[in-house]
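Engineer: I'll drop the sequence and a predicted model, then ask my questions.
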Amino acid sequence: MKQWAIRYLSYPIVFGGAATAILWGCTQGLPYWPAVPLMALAAIACVALLEQWQPYEEAWLAGHGDTLTDSLHFLVNASVLYGSIEILSWARTWLPAPAAWPSHWPVWAQIAAAMVVLDFGLFFMHWLSHRHRRLWLFHEAHHSSERLYWLNSERRHPLHAMMMGAPGFAILLALGAPAAVISSGLAILSVHLAFQHANLDYALGPLRHAFGVAETHRWHHKRDYADAQVNFGEWLMLWDHLFRTYRQPPGRIGRGDVGLDSPNAPATYHRQLLRPFL
């Protein structure tokens with residue numbers, strides 16, 4: 001019973017609960033700091049705990065010499081992500097606020113709309129990063145991990161994380177979306193990304209074709225680079241269906257199947273930061 005509950009209820013309860021709590025906080029006028037980051041981080045901590053209870057791959061529970069590197073990535077990128085409210089608030093003071101944004105919509109609907117815009121921008125930059133060598137050198141660190149687990153969600157070069165978010169940010173700022181709406185959408189997406197990379201035995205059934213959960217995303221991290229050009233979606237798989245990059249082959253991705261064949265991919269944090277410039 002416990003195994004079934006974790007497999008089929010962990011994502012709806014933890015991700016759904018975090019999203020509901022953040023949406024509720026926004027509708028009630030709860031200050032973004034520290035409420036929204038704490039809600040998101042609490043949900044991510046639940047993902048890390050669930051991994052210990054019911055891992056997808058036992059071998060991925062042990063450190064692969066990557067824990068310090070992944071922790072530094074998470075601390076830096078999460079700080080930028082959850083601190084984006086300040087950056088966005090500052091940007092809003094000198095940018096014009098056009099009336100194109102549907103500010104008359106309920107707050108939850110505005111956040112959902114912001115998430116869709118952000119998600120398409122993330123998909124597009126992700127796809128582009130697999131097609132241009134200079135961008136790939138920034139993105140390489142994310143694929144270099146020899147295992148998949150919750151910390152991989154933020155294993156990204158900080159400049160590449162900014163590049164990934166830039167198109168969605170630009171569109172939303174141009175439309176006049178409020179800073180709190182954008183930042184709350186990003187916080188909800190961060191919980192999903194922890195699930196997307198989690199070493200957790202969970203399943204969404206047919207909904208895996210609609211959302212970029214671990215069942216689908218593991219195929220994107222295949223060691224063979226040619227096989228990894230699929231399932232770029234961060235949250236919605238809609239974009240992969242539209243651009244014909246969606247794949248859900250039979251079989252299982254497990255120990256030894258993820259990472260990079262390249263012997264030049266650096267493993268330490270500072271070398272990963274320097275990699276695109278060397």
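Structural biologist: Done, it's in. Numbers count the residues shown, from 1 in each chain.

Engineer: Can you report how many residues neighbour residue 76?
Structural biologist: Neighbourhood size, residue 76 [other CB atoms under 10 Å]: 17. From N, CA and C alone the C-beta is placed, and that goes for glycine too.

Engineer: just checking, it touches residue 158?
Structural biologist: Yes. Under the criterion of CB atoms under 8 Å, residue 76 makes contact with residue 158 at 5.5 Å.

Engineer: need the contact list for residue 168.
Structural biologist: Residues near residue 168 by CB atoms under 8 Å, 6 or more residues apart in numbering: 117-122.

Engineer: Give me the buried entries from the residues you listed.
Structural biologist: Listed as buried from these are 117-122; burial here means 16 or more other CB atoms under 10 Å.

Engineer: Residue 184: which of the residues you listed is nearest?
Structural biologist: Comparing the buried ones among the contacts of residue 168 against residue 184 with CB to CB places residue 118 closest, at 11.0 Å.

Engineer: Residue 212 is in contact with residue 239, correct?
Structural biologist: No. Proximity of residue 239 to residue 212 does not meet the contact threshold set by CB under 8 Å, at 9.4 Å.

Engineer: Quickly list what's touching both of the two.
Structural biologist: In contact with both residue 239 and residue 212: residue 233, using CB under 8 Å, 6+ apart.

Engineer: With neighbour numbers in mind, choose between these two.
Structural biologist: residue 212 (27 against 21).

Engineer: Report the separation between the closest residue to that one other than its chain neighbours and residue 208.
Structural biologist: Sequence neighbours aside, residue 233 is the residue nearest to residue 212 in space, at 4.1 Å (criterion: CB to CB, 6 or more residues apart in numbering). According to CB to CB, to the nearest Å, residue 233 and residue 208 sit 11 Å apart.

Engineer: Return every residue with contacts to both of these two.
Structural biologist: residue 216.

Engineer: chain center to the lowest-mean-pLDDT helix or strand in the chain, what's the gap?
Structural biologist: Confidence across the helices and strands of the chain bottoms out at helix 84-94, with a mean of 73, counting by mean pLDDT, DSSP states H and E. In terms of CA atoms, centre = their mean, to the nearest Å, the centre of helix 84-94 is set 22 Å apart from its chain centre.
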